[in-house]
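1. from the sequence below, what's the structure:
(one chain, ligands or ions: 1)
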Amino acid sequence: MEGTEELKRLMEDVKYFISDNKESFTFISAASDVKKEISALKSKNIMKGYIDNEKRSPNPDALKFLKETKVNKCTKCALSKTRKNIVFGEGSPESRLMFIGEAPGAEEDNTGRPFVGRAGQLLTKIIESINLKREDVYIANIIKCRPPENRNPMEDEMVSCAPFLKEQISIIKPEIICTLGKFSTEFIIGKDKGAISSVRGKEFDYEGTTVIPTYHPSYLLRNPSAKKETWEDMKKIRGLYFK
Ligand code: URA
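-> So this is what the prediction gives:
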């Protein structure tokens, strides 16, 4: 057992196991026994939701390098002149699940963190609705700098910024991407697949990663009745994540 992060992850695994296997779960005694217990449960094929990150090899240092050497210095589009902070993305660099939004708003620009305003608070609740925490997933946007007045991102801005997101995806190697709203969905699955209302509820592929599009939290704030469809999408994600 190495370090508290590893222990935290294992305890989370156990928590998922408990919530998914209430009847068969008995007792996992002490932290030092957790890994052993998990291997035993895995081999008996009853450890649903165990995350075998050893099979993946995300590189957290590569994310730091990308942020510090490229994104923080970017002046490729005009948004670099008006931004207060770059909003690179945050969460677990080893996450199997990544959420992709559109662009930072005012609070994100002020803090340098994605999805911290009203829409962000709703996104946090959405993530928690499937027994995950923000720290368990990775959250990023297509655009790293705030468009003035929260206008939609422009094509040239997306083209300039897209390589950063692509690089983030290839470093994190998520198994599931949840695209939030029209812009990130079109960016990931292509513009030819139809409106967000017709693509949500379906699964797509992005270079081997399963893509589940859903509504943007800002849309849900304006149209609360659509939350039930996002809940359906989240249940699908939960099923894939804890399969
Ligand atoms: N909307 C987004 O798409 N991204 C954020 O970070 C905040 C709001």
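2. switch to C-alpha atoms for all contacts and neighbour counts from now on
-> Fine.
3. Asp205: which element?
-> Using DSSP states H and E, Asp205 maps to strand 204-206.
4. average pLDDT for that strand?
-> Strand 204-206 comes out with an average pLDDT of 98.
5. strands paired with the very next helix or strand once past that strand, and their directions?
-> As assigned by DSSP H and E, the chain's next helix or strand after strand 204-206 is strand 209-214. Its sheet considered, strand 209-214 pairs with strand 176-180 (parallel), strand 204-206 (antiparallel) by DSSP bridges.
6. which of those strands sits closest to the ligand?
-> With Cα to the nearest ligand atom, the closest approach to the ligand among the strands paired with strand 209-214 belongs to strand 176-180: 7.2 Å.
7. chain center to the closest one: distance?
-> 7 Å (Cα atoms, centre = their mean, to the nearest Å).
8. quick check, Glu94 in contact with Leu63.
-> No. Contact criterion Cα atoms under 8 Å: Glu94 and Leu63 do not qualify, at 10.6 Å.
9. what's in contact with stretch 75-90?
-> 67, 71-72, 74, 104, 108-114, 138-141, 144-148, 156-157, 160-161 (Cα atoms under 8 Å, 6 or more residues apart in numbering).
10. number of nearby residues for Gln121?
-> For Gln121, the count of nearby residues is 13 (other Cα atoms under 10 Å).
11. so which residues on the protein come close to the ligand?
-> Contact residues (Cα under 6 Å from any ligand atom) of the chain with the ligand: 101-105, 108, 114-115, 119-120, 141.
12. quick one: which of these sit in helices?
-> Using DSSP state H, the members of these that fall within helices are 108, 119-120.
13. secondary structure class for the residue nearest to the spatial centre of the chain?
-> The residue lying closest to the centre of the chain (Cα atoms, centre = their mean) is Met98, at 2.3 Å. Secondary structure assignment for Met98 (DSSP: H, G, I helix; E, B strand; the rest coil): strand.
14. what is it paired to in the beta sheet?
-> Bridge pairing for Met98 - DSSP bridges - gives Tyr138, Ile177.
15. what average pLDDT does stretch 137-144 get?
-> Computed over stretch 137-144, the mean pLDDT rounds to 98.
16. hang on, I meant stretch 60-76
-> 97.
17. show the end-to-end separation of it, please.
-> 25 Å (Cα to Cα, to the nearest Å).
18. list the buried residues of it.
-> Across stretch 60-76, burial judged by 16 or more other Cα atoms under 10 Å covers 63, 66-67, 71, 74.
19. quick check: end-to-end length of stretch 200-214?
-> 5 Å.
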